[in-house]
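A.B. asks: would you be able to build a 3D model of this:
(one chain, ligands or ions: 1)
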Amino acid sequence: MVDDYTAMRREMDAYYPKSKDIPHDLQDRINALGMHHRRAGNMQALIFEAIITENTAEDEPHAPPIRIINDIDDESTPPFEFYYSNKRWHGEGVPKPDLENLQGCDCNGRCDRNSETCACMKRQRQFLEDTGITGFIYDERRRLRTHEYPIFECNSHCRCSDDCINRVVQRGREVAINIRKTPNKGWGVFAGDKKIPANTYIGVYAGECITDSEAEMRGSIYNKFGRTYLFDLDFWHLKGGDEEWSPKFTIDAYHAGNFTRYLNHSCDPNCSINPCYIDEGNLDKPLLTIFTLRDVAPGEELCFSYFGRPDGDEEEEEEPPAKYHDAVYIPCQCGARNCRQRMWT
Ligand SMILES: C[S@@+](CC[C@H](N)C(=O)[O-])C[C@H]1O[C@@H](n2cnc3c(N)ncnc32)[C@H](O)[C@@H]1O
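C.D. replies: Model (predicted):
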């Protein structure tokens, strides 16, 4: 199955999704119904779950189905305001995926973690120098060996096999998760019935890739209703020591996105966000990939820190980037012992 899937991806090299093509017909029809119909019992949850399965069957063939659960109030599903998708949709002014500068490896079968010649290994090694890690960033069980470092997976130009150890994010989600209503943070993402081990891939923060100026404009609209799904492509390895550097692109999961748009903030997060490159040679456009930082118990909520990884300096309050000058502060409801008590949205 994975073999077929990767072959299909290779053929589709030339195709990339664009924001203007995000389907919205179903969302429009459902939103046109009266509130009575939109809240009718479990029907909505079944439709929502079916849409998720249908829209993601190709790119996460091993994923257990996602359940929508609400034992808090009578809102049967999150609002039907977005197109459910694991893909990245390219907005106006955003360059298409750079496949010309994408280098593949010439390995046979699975890439060898001790190889001296694997091009993907060499590229990865450049970015792991200060960690002391040799080999790929994944271990034999496909778990992440260090967090918040750029991940360079084998790609469509590589000769290695589909079961190569350096292909993890591209295989799609394999763990069970549910979207569940929380008492005080809206909807959230929770582990399914099984424990999720530390360093496991959870999902990709999917959505529209938009320019910095578009993000600023959308940010001030979202701030008015106190809910934002913007995530800047802002990582240390892109700055190269340049104090003036600012992110060129932002991911907006408002119009299109997947379950990761429901990940809430925690001051003591159990997940991290990591930049990852697969079929993209442009360093400014990594995928945002979510991995567990520690073992997650069955049914536990999955959260990441909206302010980057806590560095232990609790006195230091992170400020929103200058472009989100009208960001709104709200009380943080994460409940962690080290909670900063407030967050910006
Ligand atoms: C990306 S959305 C997360 C999903 C959101 N709960 C929902 O129902 O759509 C971010 C929003 O969730 C809420 N949120 C997330 N983490 C929170 C926290 N720790 N405390 C309070 N609200 C939170 C805020 O309204 C924030 O703007």
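A.B. asks: near the ligand, which residues of the stretch 101-250 of the chain show up?
C.D. replies: Residues of the stretch 101-250 of the chain lying close to the ligand (C-beta under 6 Å from any ligand atom) are 185-188, 226-229. The way it works is simple: take the backbone N, C-alpha and C, and place the C-beta from them, glycine included.
A.B. asks: buried among the residues you listed? Need that as a selection in ChimeraX.
C.D. replies: Here is the ChimeraX command that selects the buried residues among these (16 or more other C-beta atoms under 10 Å):
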select :185,187,188,228,229
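A.B. asks: helix/strand/coil for Thr260?
C.D. replies: helix (DSSP: H, G, I helix; E, B strand; the rest coil).
A.B. asks: hmm, it is touching Val189, no?
C.D. replies: Yes - with contact defined as C-beta atoms under 8 Å, Thr260 reaches Val189; the gap is 7.1 Å.
A.B. asks: compare neighbour counts for those two and give me the winner.
C.D. replies: With neighbours defined as other C-beta atoms under 10 Å, Thr260 and Val189 compare such that Thr260 has more, 27 against 24.
A.B. asks: roughly how far apart are that one and Asp212?
C.D. replies: Here the criterion is C-beta to C-beta, to the nearest Å. By it, Thr260 lies 21 Å from Asp212.
A.B. asks: with Ala198 instead?
C.D. replies: Taken as C-beta to C-beta, the span from Ala198 to Asp212 is 34 Å.
A.B. asks: per-residue confidence for the residue of the stretch 1-150 of the chain found nearest the ligand?
C.D. replies: At 6.0 Å from the ligand, Pro78 is the closest residue in the stretch 1-150 of the chain, using C-beta to the nearest ligand atom. pLDDT for Pro78: 91.
A.B. asks: what sits up against stretch 213-230?
C.D. replies: Contact with stretch 213-230 is made by 91-93, 186, 207, 210, 232, 250-254, 257, 261, 323-324, 326-328, 330, 345, as judged by C-beta atoms under 8 Å, 6 or more residues apart in numbering.
A.B. asks: sticking with the closest residue to Thr182 other than its chain neighbours, tell me its helix or strand.
C.D. replies: Distances taken as C-beta to C-beta, 6 or more residues apart in numbering place Gly188 nearest to Thr182, at 4.6 Å, with adjacent residues excluded. In this structure, Gly188 is located in strand 187-191 according to DSSP states H and E.
A.B. asks: strands paired with that strand, and their directions?
C.D. replies: strand 177-181 (antiparallel), strand 301-304 (antiparallel) (DSSP bridges).
A.B. asks: for the residue of the stretch 151-300 of the chain found nearest the ligand, which residues are in contact?
C.D. replies: Proximity of the stretch 151-300 of the chain to the ligand (C-beta to the nearest ligand atom) peaks at Gly186, 2.6 Å away. Residues in contact with Gly186 (C-beta under 8 Å, 6+ apart) are 78, 227, 262, 264.
A.B. asks: ok, and the most crowded of those residues?
C.D. replies: Tyr262 (23 neighbours).
A.B. asks: tell me the contacts of Asp73?
C.D. replies: Lys181.
A.B. asks: okay, and for the stretch 1-150 of the chain, where does confidence drop off?
C.D. replies: 1-14, 35, 37-43 (pLDDT under 70).
A.B. asks: swap in 50 and give it another go.
C.D. replies: 1-2 (pLDDT under 50).
A.B. asks: quick one on the thing from earlier: just checking, the residue of the stretch 1-150 of the chain closest to the ligand touches Trp187?
C.D. replies: Yes - applying C-beta under 8 Å, one finds Pro78 in contact with Trp187, separated by 4.8 Å.
A.B. asks: any residues in contact with both of these two?
C.D. replies: Contacts common to Pro78 and Trp187, judged by C-beta under 8 Å, 6+ apart, are 179, 262.
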